[in-house]
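K.L.:
no FASTA, just this:
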Ligand code: PMP
């Protein structure tokens, strides 16, 4: 180690999913939306004036904030926007988790949480999910320095009913509770409807999944204006211009096209339900996902083997190492055609595989 390294900050970073670019690949590994963004986004992109890029963007991001306020029937003071929900969540960790008591998040969850906790030196504790991969709400009733969990949870896809989210809020009036709703548009009602009653609630969402704009990096939070003000103070203490002019204009264009948004959501949830039935028929088990992915394990073929076999076919899914989850694949819900190709490959592979197993066993 060089001497100067003694004073360098060292962290264990988050590992994002692979981003291969192969012409005929089927990419089901990072929960992107298989459909393009709204045609309104394409139109806004064409009409964007390059001269506008000469100037700094509006630091208050008002075009986007106002579009979101209109869509969700909130006040602009209740909305904070950032460079993907990762940026919003990182900012929220820094702003709201300043207690010396440990923050709470599930043991199986979005693996960025422990990374931010380490980066910002926030103590953390991770209660275990139950046997069916559900968050046990009572684990979050005791003393803590703040709470964060995704709903639906990732990578399990399990959705917690709002009544249970509300119970967690009722037990935690003294800390900030962050509900990460990256996948909520594919699930049940959003906790946004609880914001009026719980001033310690921050709901975080993203344009990366349900609005098909992962490449543009847009996320947002909805909460009490006091929380939003604190978040903005931290943002302005860090970088006044987090959002590019392109992200602001194109994001606003996406929000204005509600019909397209509803249509793509419907297609994805329908394909998800059909895929669940097919996977079950092939011997897979999975928690009942309400997200745009399915977290599935096969009764006889190990996840790692399937992951490699799929990859060789240029079908990319995600496989996580770790106790309890190492034998699962997280499969993003793609188009009907993509899922048909995945299922056809699995059917064929598992048939040959069980033939091999039978031969071995006889
Ligand atoms: N939260 C969860 C639970 C996620 O799975 C993701 C996607 N990796 C994010 C937040 C961040 O998404 P983005 O930064 O693209 O908005």
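P.N.:
Yep, that arrived. Keep in mind it's a predicted model, so treat the numbers as computed, not measured.
K.L.:
and the helices in this protein?
P.N.:
For the chain, applying DSSP state H gives helices covering 39-47, 62-72, 84-96, 112-119, 162-170, 225-236, 245-256, 258-281, 303-312, 336-361.
K.L.:
okay, the ones you listed in CSV with mean neighbour count and mean pLDDT next?
P.N.:
For the C-beta atoms, the positions are set from N, CA and C on the backbone; glycine is no exception. Below are these laid out as CSV (neighbours: other CB atoms under 10 Å; pLDDT from 0 to 100):
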stretch, mean neighbour count, mean pLDDT
helix 39-47, 14, 98
helix 62-72, 19, 98
helix 84-96, 23, 98
helix 112-119, 19, 97
helix 162-170, 17, 98
helix 225-236, 16, 98
helix 245-256, 22, 98
helix 258-281, 16, 98
helix 303-312, 16, 97
helix 336-361, 14, 91
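K.L.:
nearest to the ligand among those helices would be which one?
P.N.:
Judged by CB to the nearest ligand atom, the one of the helices of the chain that comes nearest to the ligand is helix 84-96, at 2.9 Å.
K.L.:
write out the residues of the chain neighbouring the ligand.
P.N.:
84, 85, 86, 110, 150, 154, 180, 182, 206, 208, 214, 219 (CB under 6 Å from any ligand atom).
K.L.:
in strands, which of the residues you listed fall?
P.N.:
Per DSSP state E, strands hold the following members of the residues of the chain next to the ligand: 150, 180, 206, 219.
K.L.:
buried among those residues? Make that a ChimeraX selection.
P.N.:
Typed into ChimeraX, the line below selects the buried ones among these, using 16 or more other CB atoms under 10 Å:
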select :150,180,206,219
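K.L.:
pick the one among the ones in strands among the residues of the chain next to the ligand closest to residue 329.
P.N.:
Checking these against residue 329 with CB to CB, the nearest one is residue 150 at 18.7 Å.
K.L.:
contacts only, for the closest one.
P.N.:
By CB atoms under 8 Å, 6 or more residues apart in numbering, the contact set of residue 150 is 109, 110, 179, 180, 181, 182, 183.
K.L.:
how far away is residue 333 from the ligand?
P.N.:
Plainly put, residue 333 is 14 Å away from the ligand if you go by CB to the nearest ligand atom, to the nearest Å.
K.L.:
contact partners for that residue?
P.N.:
Counting by CB under 8 Å, 6+ apart, residue 333 has contacts 28, 34, 268, 271, 272, 275, 292, 293, 294, 339.
K.L.:
want to try a markdown table for those, with distance to residue 319 as columns?
P.N.:
Listed next are the contacts of residue 333 as a markdown table, based on distance: CB to CB, whole Å:
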| residue | distance to residue 319 |
| --- | --- |
| 28 | 12 |
| 34 | 20 |
| 268 | 22 |
| 271 | 22 |
| 272 | 20 |
| 275 | 18 |
| 292 | 18 |
| 293 | 13 |
| 294 | 13 |
| 339 | 18 |
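K.L.:
show me which pair in those residues is furthest apart.
P.N.:
Longest span within the contacts of residue 333, CB to CB: 34 and 294, 14.1 Å.
K.L.:
and those two? Which one has more around it.
P.N.:
Taking other CB atoms under 10 Å, residue 34 and residue 294 do not tie; residue 294 has more neighbours (26 against 21).
K.L.:
show me what that one bridges to in the sheet.
P.N.:
residue 331 (DSSP bridges).
K.L.:
of the helices of the chain, which is nearest residue 131?
P.N.:
Of the helices of the chain, nearest to residue 131 by CB to CB is helix 162-170, at 17.2 Å.
K.L.:
which helices and strands sit right next to the closest one?
P.N.:
Secondary-structure packing of helix 162-170 (3 or more CB pairs under 8 Å, 6 or more residues apart in numbering; DSSP states H and E): strand 177-180.
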